[in-house]
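Participant: Sequence and predicted structure, then a few things I'm wondering about:
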Amino acid sequence: MTNARATVALREYEGVVELVWSFRPSETPEPVRFAEVPTASPESAALSAELKRRGFAFVGPTTMYALMEAIGMVDTHLVGSHRRGSSGVWACGRADGAVPGDDAARPGAVTRGRAQPSRRRR
């Protein structure tokens, strides 16, 4: 209930999506070996602190870094992996300027010539 209340309260301002994406780093890690894959970053620590300040719980730096990986904000696939760059957010290790949450990134929108499937349950 704590995070649900904090989410509803955040809607009066910028919203969760905009807040989270405002912590996108300027570069993504480029690990060559698994041992080089980070588990947190200054940005994930700052996002964690901001969410805690706004009343969220269980949002530590490692958990926020995992969120950043899951939504493609950081790409920790090994350099040379066929999955590297698959989120479409990063090009050559730097942000390409497209921010999910914009109209073009919404489910069902056409992005880069491909229709994005809707995530709704049917």
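Facilitator: Yep, that arrived.

Participant: where exactly do the strands run in the chain?
Facilitator: When secondary structure is read from DSSP state E, the chain shows strands at 90-91, 94-95, 110-111, 114-115.

Participant: where along the chain do the helices fall?
Facilitator: In order along the chain, the chain carries the following helices (DSSP state H): 2-10, 16-21, 42-53, 61-70.

Participant: Any chance of those helices in CSV with mean pLDDT, mean neighbour count and distance to Glu36 as columns?
Facilitator: (Each C-beta comes from the backbone N, C-alpha and C, glycine too.) Formatted as CSV, the entries for the helices of the chain read as follows, by pLDDT from 0 to 100; neighbours: other C-beta atoms under 10 Å; distance: least, C-beta to C-beta, whole Å:
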stretch, mean pLDDT, mean neighbour count, distance to Glu36
helix 2-10, 96, 13, 32
helix 16-21, 96, 16, 25
helix 42-53, 98, 17, 17
helix 61-70, 97, 18, 14
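
Participant: mind checking which of those is nearest Phe34?
Facilitator: Nearest to Phe34 among the helices of the chain is helix 61-70; the distance by C-beta to C-beta comes to 13.8 Å.

Participant: Which strands and helices lie in contact with that closest one?
Facilitator: Using 3 or more C-beta pairs under 8 Å, 6 or more residues apart in numbering; DSSP states H and E, the elements in contact with helix 61-70 are helix 42-53.
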